[in-house]
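> Only the shape, not the letters, is given here:
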DNA sequence: GACAACCTGACC
DNA sequence: GGTCAGGTTGTC
């Protein structure tokens, strides 16, 4: 489900609702969502949430006990605030109890996961260390040289979290359309001018998507259970067979890098 | 780079 | 019954 704008939306909601709040209790309903190792609850119970940040598509919840809860939402993960004592549904895997509300971690497909690590250990976590910068964390020149230095199809390259983090299937399609780059273009051969446009497009689209509180295709909702609006602004994603809003040509849907890619064969070359 | 694997649900 | 889905990881 979630790419950078959706994860940022959740992070903003978490920050507003639980920063400075204390975790009263935790109910773990599904053990297997803890990927690295099963956590000690006493490392979390009684702790205050000191900060919530996003790294790529990861959510990092810092606790006053010097531990960090690292969460990846996978495809269908959700963090939703509900009334104290609300009954978990069949896909609720963890319940965090706060004074004013409970926070349910739900995930239908269970591709998401959590880890609890100490602040010290965080620096040694491989899957965080290998994350590339997101488009807001780098300058245009750096972005261009990263892309130019690889010899790969641009869409799978943009989706590779080790190179640039935060982009997934929706936003890579939307960004490439805006920059008028064909998703199969080989990164090293794309002109600098086009890559400059790609950089601007990435930041612009992500910013607008965050303002719209994400894209809800089927599952995504924010911390209050409300859907995002950016799906209404998609120009290519999910529009295969329909006409391009820019030139009228038929939008194509093709498998590229084992994922469905949506693009306009006339606008994107 | 292509694929399968990990899962459940929606849709045809 | 089959296909598809906002992701990641590991194998050829």
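Ah, there it is. Because the structure is a prediction, the values reported are computed rather than measured.
> what's the neighbour count on the closest residue to residue A:63 other than its chain neighbours?
Of all residues not flanking residue A:63 in the chain, residue A:47 sits nearest, at 3.9 Å (CB to CB, 6 or more residues apart in numbering). Glycine gets a C-beta too; all of them are placed from N, C-alpha and C. Residue A:47 has 19 neighbours, counted by other CB atoms under 10 Å.
> ok, the residue of the stretch 51-200 of chain A found nearest DNA strand C - contacts?
Nearest residue of the stretch 51-200 of chain A to DNA strand C, counting by CB to the nearest atom of the strand: residue A:168, 1.9 Å away. By CB atoms under 8 Å, 6 or more residues apart in numbering, the residues touching residue A:168 are A:2-3, A:57, A:159.
> quick one: which of these has the most company?
residue A:2 (25 neighbours).
> SS state for that residue?
Of the three states, residue A:2 takes coil according to DSSP: H, G, I helix; E, B strand; the rest coil.
> again, but for residue A:254
Residue A:254 ends up strand, using three-state DSSP.
> how about it, what does it touch?
Residue A:254 sits in contact with A:183, A:260-261, A:263, where contact means CB under 8 Å, 6+ apart.
> List the beta-bridge partners for it.
Beta-bridge partners recorded for residue A:254 (DSSP bridges): residue A:261.
> Partner strands of the strand or helix carrying residue A:62 and their direction?
Per DSSP states H and E, residue A:62 falls inside strand A:58-63. Note on strand A:58-63: by DSSP bridges, its sheet partners are strand A:49-55 (antiparallel), strand A:67-72 (antiparallel).
> centre of the chain versus that strand, how much separation?
Its chain's average C-alpha position is 14 Å from that of strand A:58-63, according to CA atoms, centre = their mean, to the nearest Å.
> What of stretch A:122-136?
On CA atoms, centre = their mean, the centre of stretch A:122-136 falls 14 Å from that of its chain.
> try stretch A:50-60
So, by CA atoms, centre = their mean, the centroid of stretch A:50-60 is 10 Å from its chain's centroid.
> so the spatially closest residue to residue A:17 that is not a sequence neighbour is in which element?
The shortest distance from residue A:17 to any non-neighbouring residue, by CB to CB, 6+ apart, is to residue A:81 (5.9 Å). According to DSSP H and E, residue A:81 maps onto strand A:77-82.
> could you give the angle of that strand to strand A:67-72?
Counting by axes from the mean of the first three to the mean of the last three CA atoms, to 10 degrees, strand A:77-82 points 120 degrees away from the direction of strand A:67-72.
> Among the strands paired with strand A:58-63, show me which one is buried the most.
Using mean count of other CB atoms under 10 Å, the stretch among those with the largest mean neighbour count is strand A:67-72, at a mean of 22.
> Does at least one residue of it sit close to DNA strand B?
No: interface with DNA strand B: strand A:67-72 contributes nothing (CB under 7 Å from any atom of the strand), its closest point being 11.8 Å away.
> what's next to that strand, contact-wise?
Taking CB under 8 Å, 6+ apart as the rule, strand A:67-72 contacts A:43-44, A:47, A:57-63, A:77, A:79, A:105, A:112-119, A:122, A:125, A:128.
> same thing but at 6 Å, please
A:43, A:58-62, A:112-119, A:122 (CB atoms under 6 Å, 6 or more residues apart in numbering).
> cool, stretch A:221-230 as well?
A:9, A:13, A:80-81, A:209, A:212-216.
> so residue A:17 is in which element?
helix A:4-18.
> Just checking: what are the partner strands of the helix or strand just after that helix?
Later in the chain than helix A:4-18, the nearest helix or strand by DSSP H and E is strand A:25-28. Applying DSSP bridges, strand A:25-28 is found paired with strand A:92-97 (antiparallel).
> Residue A:41 - how many residues pack around it?
14.
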